[in-house]
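Q: how would this look folded up:
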Amino acid sequence: MAADDEAAYRTFYQAYYERQWRYLLVVTSGDEDATADALQAALVRLVRHIKVFPSEAVFWSWLTVLARTALSDQRRKARRYLAFLDRFWRQARLARAPSEPADTDGCLLGFLDSELAVLPADERLLLEWKYFEHRSVRAIAEELQTSEKAVESRLVRVRRKLKQALLDDLKHE
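A: Sure, this is the predicted structure:
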């Protein structure tokens, strides 16, 4: 192989490819994609740096070192890429931050509180019973001495009114 003999490469491939595959499969804990990528990189390194070894045991040790370092380089490259993506998205969020409220949920809850405060008492009570106290429509109808259908209709009207008020608030924000 050191003399660029094609037959020597074929012999190597037949003798060591499966063995290296199994070795890397164990090292990667069964991750076949990582195994395939690392083995490909290790084979490229083998072709570039092949030399004569005193024994088969020393040659196999060298092959395992090539495989482990290829895998390590591959993982390091993946971590750098993920770190780059993380930095990119953080910077993109910071660039958008001045136009967005810092606490969107807090802002919406503030609008909701202020709109609930200006609702007529009977409408506010209806929403509180249904959504804060989790009462059923039947229980509310019994409390108000009316039909369930009437309660549902009132809830629809109040929700629409509240939704429109919140949308108006958000438009002005």
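
Q: Domain-wise, how is the protein divided?
A: Recorded structural domains for the chain (assignment: automatic domain parsing) are 6-96, 104-172.

Q: Remind me which helix or strand Gly106 belongs to.
A: Using DSSP states H and E, Gly106 sits in helix 104-118.

Q: Just checking the distance from that helix to the centre of its chain.
A: Here helix 104-118 is found 30 Å from its chain centre; the criterion is C-alpha atoms, centre = their mean, to the nearest Å.

Q: May I see the buried residues of it?
A: Buried residues in helix 104-118, counted by 16 or more other C-beta atoms under 10 Å: 111, 115. The way it works is simple: take the backbone N, C-alpha and C, and place the C-beta from them, glycine included.

Q: For Thr35, which non-adjacent residue is closest in space?
A: Spatial nearest neighbour of Thr35, chain neighbours left out: Leu24 (4.4 Å); criterion: C-beta to C-beta, 6 or more residues apart in numbering.

Q: pretty sure that neighbour contacts Gln40?
A: No. The criterion here is C-beta atoms under 8 Å, and Leu24 misses it with Gln40 at 10.4 Å.

Q: who has more neighbours, those two?
A: Taking neighbours as other C-beta atoms under 10 Å, Leu24 and Gln40 compare with Leu24 leading, 23 against 12.

Q: could the domains of the chain go into TSV alongside mean pLDDT?
A: As requested, those are exported to TSV (pLDDT from 0 to 100):
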stretch	mean pLDDT
domain 6-96	90
domain 104-172	87
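
Q: circling back: list the buried residues in whatever helix or strand comes next after the helix holding Gly106.
A: Proceeding N to C from helix 104-118, the next assigned helix or strand is helix 121-127, under DSSP H and E. For helix 121-127, burial by neighbour count (16+ other C-beta under 10 Å) applies to 123-124, 126-127.

Q: any idea which helix or strand comes after helix 121-127?
A: Heading C-terminal from helix 121-127, the first helix or strand you meet, by DSSP H and E, is helix 137-144.

Q: Remind me what that next one packs against, helices and strands.
A: On a contact count with 3 or more C-beta pairs under 8 Å, 6 or more residues apart in numbering; DSSP states H and E, helix 137-144 meets helix 148-172.

Q: between the helix it packs on and helix 104-118, how big is the angle?
A: Angle, helix 148-172 to helix 104-118, by axes from the mean of the first three to the mean of the last three C-alpha atoms, to 10 degrees: 120 degrees.

Q: other SSEs contacting the top helix by length along the chain?
A: When the chain is parsed with DSSP state H, its longest helix is helix 56-96. Applying 3+ C-beta pairs under 8 Å, 6+ apart, one finds that helix 56-96 makes contact with helix 6-27, helix 32-49.
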